[in-house]
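Q: sequence first, predicted model second:
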Amino acid sequence: MKIEIIKCLEDNFSYLLIDELTKSTIVIDPSEAKPIINKIESLNLKLKFIMNTHHHYDHVGGNKELKKLYNAKVIGFDEDKHRIPEIDISLKNDETWKDGIFEAKVFHVPGHTLGHICFYFFKENALFSGDTLFSLGCGRVFEGTNEQMFSSLQLLKNLPIETKIYCGHEYTLKNSNFCLKHDPENKALISKIGFIKNQLAKGHPTIPSTLEEELQTNIFLRSKNVENFSKLRDLKDNF
Ligand code: ZN
Ligand code: FE
């Protein structure tokens, strides 16, 4: 399975998961159709599935057009099926979904929205974390509680440390300023910031990160308890 990163809108990431043998592909969180279509056409792929981590427009904006154009099936969370546009296949928490070489486990991770899920492609050790876990940050808590977001992050922390993190936005540099302010002596963080600036200067994404790096550098993942987490989340909202 090959993973292509596609920049969408201002700072969103969509992803194409490609079976290089059959040329079938899955798109994760198509913010808009155009850049996805361009990539699919340039690589001569067949879009089979559209997967959504949550219902926000910048993650589902391309659903309708892509589904119509390629006759693809939309996959989302069962408890959120009323607000995932054009949904065909609804998955439950902990369910394993499979089609050909593609195999993913679904984690329900409420907090950013109540029906947010992550897709974990365990054979490749790749987590598509949407707006729950960012590199050096986490999503704003819009619908859930800080307790829910904190425990969602605890769940993701239990994945293998080599897990690659593919998140929904290029927020890494902005996030790094906040981490550094509250964790100024963290050597792993300082060195990661060097890498981030380098990537961005070359016009490259800062994604994927790994769980191991995030455990060393992401102040939200490093929070030991929900009180500390909530304090940081509030500070970040006004940062
Ligand atoms: Zn969102
Ligand atoms: Fe988003």
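A: Structure received. From a predicted model like this one, the values you see are computed outputs, not experimental measurements. Numbering: from 1, shown residues only. Ligands and ions are numbered 1, 2, ... in the order given.

Q: buried ones in the biggest helix by length in the chain?
A: In the chain, assigned by DSSP state H, the helix with the most residues is helix 187-201. For helix 187-201, burial by neighbour count (16 or more other CB atoms under 10 Å) applies to Leu189, Lys192, Ile193, Ile196, Gln199. Where you see a C-beta, it was placed from the backbone N, CA and C, and this is true even at glycine.

Q: among those, which one sits closest to Glu162?
A: Glu162 has its nearest neighbour among those in Lys192, at 16.4 Å by CB to CB.

Q: surely that closest one is in contact with Asn218?
A: No: with contact defined as CB atoms under 8 Å, Lys192 does not reach Asn218; the gap is 9.5 Å.

Q: ok so, going back, so which of the buried residues of helix 187-201 also contact ligand 1?
A: Of the residues in these, proximity to ligand 1 by CB under 5 Å from the ion holds for none.

Q: please identify which pair of these lies farthest apart.
A: Taking CB to CB, the two most distant members of the buried residues of helix 187-201 are Leu189 and Gln199; they sit 15.4 Å apart.

Q: so for the closest residue to Thr132 other than its chain neighbours, what's the pLDDT?
A: Nearest residue to Thr132, sequence neighbours excluded (CB to CB, 6 or more residues apart in numbering): Val109, at 4.6 Å. Val109 is assigned a pLDDT of 98 by the prediction.

Q: one more: Gly203?
A: For Gly203, the pLDDT comes out at 97.

Q: and it, how many residues sit next to it?
A: Using other CB atoms under 10 Å, Gly203 has 7 other residues around it.

Q: OK, contacts around Leu180?
A: Each residue near Leu180 by CB atoms under 8 Å, 6 or more residues apart in numbering is listed here: Asn186, Leu189, Ile190, Ile193.

Q: closest one to Phe178 out of the residues you listed, please.
A: Using CB to CB, Leu189 comes nearest to Phe178 of the contacts of Leu180, at 10.8 Å.

Q: for the nearest residue in space to the closest one that is not next to it in sequence, give me its contacts.
A: Nearest non-adjacent residue to Leu189, counting by CB to CB, 6+ apart: Thr217, 4.3 Å away. Thr217 makes contact with Leu136, Cys179, Asn186, Ala188, Leu189, Lys192, according to CB under 8 Å, 6+ apart.

Q: helix, strand, or coil at the residue of the chain most remote from its centre?
A: Of all residues in the chain, Glu185 has its C-alpha farthest from the mean position, at 27.9 Å, by CA atoms, centre = their mean. Here Glu185 is coil, with the state taken from DSSP: H, G, I helix; E, B strand; the rest coil.

Q: can you give me the strands for this structure?
A: 2-8, 12-18, 24-28, 46-51, 73-77, 87-91, 96-99, 102-108, 117-121, 126-130, 133-134, 137-138, 164-167, 209-210 (DSSP state E).

Q: what residues does this protein have near ligand 1?
A: With CB under 5 Å from the ion as the criterion, the chain meets ligand 1 at residues His56, Asp131.

Q: thinking again about what came up before, please tell me how far the residue nearest to Leu189 sits from ligand 1.
A: From Thr217 across to ligand 1, the span is 22 Å (CB to the ion, to the nearest Å).

Q: just checking the distance from the longest helix of the chain to the centre of its chain.
A: 20 Å (CA atoms, centre = their mean, to the nearest Å).

Q: show me the contact partners of it.
A: Helix 187-201 is contacted from outside by Leu136, Thr172, Leu173, Ser176, Cys179, Leu180, Asp183, Pro205, Thr206, Glu213, Gln216, Thr217, using CB under 8 Å, 6+ apart.
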